[in-house]
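Asker: Below are the sequence and a predicted model for it; my questions follow.
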Amino acid sequence: MDNFVKITFNKKTYEFPVITGSEGEKAIDISTLRQKTGLITLDPGFDNTGSCISTITFMSGEKGILRYRGIPVEELARHSTFTETAYLLINGVLPTRKELNQFSVLLNDNSLVHEDMQIFYQNFPRASHPMGILSSMVNALRSFYPGLETVEEINKTVTRLLSKMRTLAAMSYKISRGHKVIYPRPDLSYCANFLNMMFDSPVKPYRIDKELAKALNVFWILHADHEQNCSTSAVRVVGSGRVNLYAAISAGIAALWGPLHGGANQAVIEMLSDIAKNGGNINSVIKRAKDKNDSFRLMGFGHRVYKTYDPRAKIMKKTCAKVLKKLKTNDPLLNIAKELEEIALNDNYFIDHNLYPNVDFYSGILLRAMRIPTNMFTVMFAIGRLPGWIAQWKESADDPKWRLSRPRQVYIGPTKTKYIPIDER
Ligand code: CMC
């Protein structure tokens, strides 16, 4: 097989190397294209563009595969915890028991946030979206915890972020309800601690349910990384300007907020609730999703990379059913979601467009069962994605060829135009 590609332009032929990834993926290295030929490439949405080489996550959209550092996400969801998976993503290998214990102790030691940060929360307008608040608060952490120069300081910042972002999210929920903030407890695991900070109260102590904590571990493991998606690319691009880690993560949170990306989990529940309100009329939703003159899309369906069933959605669907059974809850939205999936998967439009449920289709129903409010769903996604953002940021920062991200464009605006003074226009 050829290990180069030839491009002929203006009667001259140029060769560009083909590089092969560890799973056989091939790419043309065009890093010298402009220098040699004067040409650039045009690829809106970056469907055909590899922005980096990476050792973190492998996904196959055709085969429905997702692996972190080589380990299938199905195995991690079954056997691992979110803390262990975060360690794996960030450090590249699974921790020993001693390393995991040390990591957990560090997460506990860094879980409190500066009391002054509570004042910020009080001053956001009541209707503020928690994603906007989280993005601002993570950026604000830089002012409270500035040291970011040495390797030790950066490692400390990584642990701080993992621990404090979870505390900030739970705090925002409590403050938005006008309730007393519940502090993290050193005796609780990462996920149990989050649930406790969300739902414990001085009048009604929260009883931690081990199965809910396990389901939350699975939820966060499934979201932990997804290679060069929109928010991760935002973290890498913003980071390439050498901003501090907090600012790069804050940019990732902002990018995740959109309904085509992480915001889809909230949009799915809103869509399912609308169907329930309208007497369960699924066919009219399917009809709208297929109508080219309607911008409506079936939320929780379709993916840029997966052209088959999203492996995360399979696990999410099972976890969701298990939790609802355990809690003896009958959420009518689960039945609507299952019926909607069944209809869509047998409809030619969805078959021809390779549209299958993605991770967000069932995740909202699981979060509802945990009593997480709908407007916090994307915040839950963000906490889960944090280890991936950090791992990807670290990988780019450790790359000796780390360069400022600066794409080109093809300009199609006016050519040189004379300035006309205001009174002569
Ligand atoms: N409902 C109806 N039609 C759809 C959908 C959908 N959910 N998704 C894609 N299509 C159609 C689209 O109309 C287009 O049709 P045609 O070729 O006939 O004009 C075709 O499929 C390709 O669409 P595209 O927008 O070029 O595809 P994309 O790769 O940019 O789309 C997507 C990826 C996720 C933005 C899209 O599938 C979508 O909007 N889905 C709904 C939002 C959603 O669930 N997002 C969460 C993604 S998973 C979480 C994450 O990892 O971010």
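Answerer: That came in fine, so what should we check first? Numbers count the residues shown, from 1 in each chain.

Asker: Any idea how far the biggest strand by length in the chain is from the middle of the chain?
Answerer: Longest strand in the chain by number of residues, with DSSP state E as the criterion: strand 12-20. Put simply, strand 12-20 sits 34 Å off its chain's centre (CA atoms, centre = their mean, to the nearest Å).

Asker: Tell me which other helices or strands the next helix-or-strand element following it touches.
Answerer: Toward the C-terminus, strand 12-20 is succeeded by strand 26-28 as the next helix or strand (DSSP states H and E). Under the contact definition 3 or more CB pairs under 8 Å, 6 or more residues apart in numbering; DSSP states H and E, strand 26-28 sits against strand 12-20. Quick note: C-beta positions are derived from backbone N, CA and C, even for glycine.

Asker: again, only using 10 Å
Answerer: Other helices and strands packing on strand 26-28, by 3 or more CB pairs under 10 Å, 6 or more residues apart in numbering; DSSP states H and E, are strand 4-9, strand 12-20.

Asker: Please convert those to JSON lines, extending it with mean pLDDT.
Answerer: As requested, those are exported to JSON lines (pLDDT from 0 to 100):
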{"stretch": "strand 4-9", "mean pLDDT": "97"}
{"stretch": "strand 12-20", "mean pLDDT": "97"}
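
Asker: Pipe these into JSON lines and attach mean neighbour count and distance to the ligand per row.
Answerer: Formatted as JSON lines, the helices and strands packed on strand 26-28 follow (neighbours: other CB atoms under 10 Å; distance: least, CB to the nearest ligand atom, whole Å):
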{"stretch": "strand 4-9", "mean neighbour count": "12", "distance to the ligand": "25"}
{"stretch": "strand 12-20", "mean neighbour count": "13", "distance to the ligand": "24"}
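
Asker: which bits of the protein sit near the ligand?
Answerer: Where the chain comes near the ligand, counting by CB under 6 Å from any ligand atom, the residues are 226, 229, 260-262, 264, 289, 297-304, 353, 355, 358-360.

Asker: ok, residues contacting the longest strand of the chain?
Answerer: Contact with strand 12-20 is made by 1-8, 25-33, 36-37, 39, 50, 53, as judged by CB atoms under 10 Å, 6 or more residues apart in numbering.

Asker: Narrow the residues you listed to just the buried residues.
Answerer: Neighbour counting by 16 or more other CB atoms under 10 Å classes Ile28, Ile30, Leu33, Thr37 among the contacts of strand 12-20 as buried.

Asker: So the last one is in contact with Lys6, correct?
Answerer: Spelled out, it's Thr37. No: between Thr37 and Lys6 there is no contact, the gap being 11.6 Å when judged by CB atoms under 10 Å.

Asker: And for the closest residue to the ligand within the chain, nearest residue in space, chain neighbours not counted?
Answerer: Closest approach between the chain and the ligand, counting by CB to the nearest ligand atom: Gly302, at 2.3 Å. The shortest distance from Gly302 to any non-neighbouring residue, by CB to CB, 6 or more residues apart in numbering, is to Leu355 (4.5 Å).

Asker: Ile90 now?
Answerer: Of all residues beyond its chain neighbours, the one nearest Ile90 is Ala391 (4.9 Å), with distances taken as CB to CB, 6+ apart.

Asker: The closest residue in space to Phe82 that isn't next to it in sequence: how many residues sit nearby?
Answerer: With CB to CB, 6+ apart as the measure, Trp220 is the residue that lies nearest to Phe82, at 4.1 Å, once sequence neighbours are left out. Trp220 is surrounded by 25 other residues when neighbours are defined as other CB atoms under 10 Å.

Asker: Secondary structure element holding Trp220?
Answerer: Under the criterion of DSSP H and E, Trp220 resides in helix 210-223.

Asker: Please export the C-alpha coordinates of that helix as CSV.
Answerer: The C-alpha trace of helix 210-223 is given here as CSV (Å, rounded to 0.1, in the frame of the first residue of the first chain):
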residue,chain,number,x,y,z
LYS,A,210,-25.3,2.7,46.7
GLU,A,211,-27.0,1.9,43.4
LEU,A,212,-27.7,5.5,42.6
ALA,A,213,-24.0,6.3,43.4
LYS,A,214,-23.0,3.4,41.1
ALA,A,215,-25.4,4.7,38.3
LEU,A,216,-23.8,8.1,38.7
ASN,A,217,-20.4,6.6,38.3
VAL,A,218,-21.5,4.9,35.1
PHE,A,219,-23.1,8.2,33.8
TRP,A,220,-19.9,10.1,34.4
ILE,A,221,-17.7,7.3,33.0
LEU,A,222,-19.7,7.3,29.8
HIS,A,223,-19.2,11.1,29.4
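
Asker: helices or strands next to that helix in the packing?
Answerer: Using 3+ CB pairs under 10 Å, 6+ apart, helix 210-223 is in contact with helix 73-79, helix 82-91, helix 190-199, helix 311-326, helix 360-369, helix 377-398.

Asker: and the last one, average pLDDT?
Answerer: Right, helix 377-398. Averaging the model's pLDDT scores along helix 377-398 yields 97.

Asker: now swap in the shortest one and tell me
Answerer: Across helix 73-79, the average pLDDT comes to 98.

Asker: mind listing what's buried in that helix?
Answerer: Burial within helix 73-79, assessed by neighbour count using 16+ other CB under 10 Å, is assigned to Val73, Glu74, Leu76, Ala77.

Asker: Other residues contacting it?
Answerer: The contact list for helix 73-79 (CB under 10 Å, 6+ apart) reads 57, 59, 65-69, 71-72, 80, 82, 84-85, 88-89, 94, 217-219, 221-222, 224-226, 311-312, 314-316, 318-319.

Asker: biggest helix in this protein by residues?
Answerer: Identified as the longest helix of the chain according to DSSP state H is helix 151-176.

Asker: between that helix and helix 82-91, how big is the angle?
Answerer: If you take axes from the mean of the first three to the mean of the last three CA atoms, to 10 degrees, helix 151-176 sits at 140 degrees to helix 82-91.
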